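1. 3D, please:
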Amino acid sequence: MAIKIWHQSFTVLGNLPAYEERLRKHIDKIVRPDTEVVLHGMHPKTYETEYPGHDLRFNLLYALHANQFVLGALAAQEQGYDAYAISTIPDPLLLEIRSALDIPVVGYGESSMHLSCLYGRKFGILTFIEEQLPFMADKVAAHGLSARFAGIRHVGFTFDDLLANFNDPAPLIRQFEESARALIKEGADVIIPGEVPMGVTMAAHGVRRVDNVPLLDGLGATMKMAETMVDLRRSVGLEVSRGTCYTASPPPERVTELLALYGHDRLAPGRDAS
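-> Reported below is the predicted structural model:
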């Protein structure tokens, strides 16, 4: 039976056609033939003055942007999608979104970190944003995986650098491998490229291992986890816990009411925020 997944990026995909095309090709290689993945980005006006790597250095701006992930999730369920996939390693409001939806909700960070534990003893993360190192370490702890975590490092280049070298990333690949080797020396035996553009670029150019250590394809992990959770829901009725305040489902009408109160509803997918 076919599966339809809502993919939610932290970028404005309409501004990045080459990256969107690479993303599309990579996803099509990963998912089953009868799985449809529909790509969604942030509202077109989100980054009129800055871009993700600049805003995500600041926890408050990250939190403000996270509201769009809620809106996308609600739209996914309303429109009949089978799963909602957060395609960024910080997993904005993952637990909160999971509490509000009946369909499976998966996150790039959570999926990558847990799956990496099946391929090695300790994983390490490379990231575009140096200021996010402690933030991501806290995310690892929140997933209960500190004992399986070798550390996190800045990869040595930024998202802007990747865009500037998109068609010829050889120097960035060498830098990536150098940074990965530093993590390997610190105990990592699985490497997670810390954002989708980094991971998809490595995959597109055939970089699957550094020395004898595998790279964990976070986008692949996210898409396959989404398919698996849909399969389990359909086959054995497995659904998310509703046992605590973290997972209890809020009344939908109250969610709608508060989104309108705070003005977030005007940013819902397909709406003009002018």
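
2. Which residues in the worst-scoring helix or strand of the chain on mean pLDDT does the neighbour count mark as buried?
-> Using mean pLDDT, DSSP states H and E, the weakest-scoring helix or strand in the chain turns out to be helix 52-55, at a mean of 83. Residues of helix 52-55 classed as buried by neighbour count (16 or more other C-beta atoms under 10 Å): 52-53, 55. Any C-beta I mention is one placed from the backbone N, CA and C, and that applies to glycine too.

3. in the stretch 51-200 of the chain, which spans are helices?
-> For the stretch 51-200 of the chain, applying DSSP state H, counting those that start in this stretch gives helices covering 52-55, 59-78, 94-100, 108-116, 133-142, 159-164, 170-185, 196-204.

4. which outside residues touch the second one?
-> Okay, so that is helix 59-78. With contact meaning C-beta atoms under 8 Å, 6 or more residues apart in numbering, helix 59-78 is reached by 6, 8, 10, 40, 42-43, 46, 55-56, 83-84, 86, 90, 92-93, 96-97, 100-103, 105, 135, 255, 259, 264-265, 267-270.

5. between that helix and helix 133-142, how many degrees?
-> Angle, helix 59-78 to helix 133-142, by axes from the mean of the first three to the mean of the last three C-alpha atoms, to 10 degrees: 50 degrees.

6. With just CA atoms, put helix 59-78 into CSV.
-> Extracted in CSV, the C-alpha atoms of helix 59-78 (Å, rounded to 0.1, in the frame of the first residue of the first chain):
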residue,chain,number,x,y,z
ASN,A,59,18.3,29.9,20.4
LEU,A,60,15.4,32.5,20.3
LEU,A,61,15.4,32.7,16.5
TYR,A,62,15.5,28.9,16.3
ALA,A,63,12.5,28.7,18.6
LEU,A,64,10.6,31.3,16.6
HIS,A,65,11.2,29.5,13.3
ALA,A,66,10.1,26.2,14.9
ASN,A,67,6.5,27.3,14.9
GLN,A,68,6.4,26.8,11.1
PHE,A,69,7.2,23.1,11.7
VAL,A,70,4.0,22.9,13.8
LEU,A,71,2.0,24.5,11.0
GLY,A,72,3.4,22.1,8.4
ALA,A,73,2.7,19.1,10.7
LEU,A,74,-0.9,20.1,11.2
ALA,A,75,-1.3,20.7,7.4
ALA,A,76,0.2,17.2,6.7
GLN,A,77,-2.4,15.5,8.9
GLU,A,78,-5.3,17.6,7.6
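
7. got a pLDDT number for the nearest residue to residue 122 once chain neighbours are set aside?
-> With C-beta to C-beta, 6 or more residues apart in numbering as the criterion, residue 122 has its nearest non-adjacent residue at 4.1 Å, and that residue is residue 150. On pLDDT, residue 150 comes in at 98.

8. If you average pLDDT over each of the helices of the stretch 51-200 of the chain, which is lowest?
-> Out of those, helix 52-55 stands lowest, with a mean of 83 (criterion: mean pLDDT).

9. so how far is that one from its chain's centroid?
-> 15 Å (C-alpha atoms, centre = their mean, to the nearest Å).

10. same check, this time on stretch 57-75
-> Averaged C-alpha coordinates place stretch 57-75 at 12 Å from its chain's average position (C-alpha atoms, centre = their mean).

11. go on, stretch 188-207?
-> Taking C-alpha atoms, centre = their mean, one finds stretch 188-207 lying 13 Å from the centre of the chain it belongs to.

12. Do me a favour and get the end-to-end distance for that stretch?
-> This stretch, stretch 188-207, spans 17 Å end to end (C-alpha to C-alpha, to the nearest Å).
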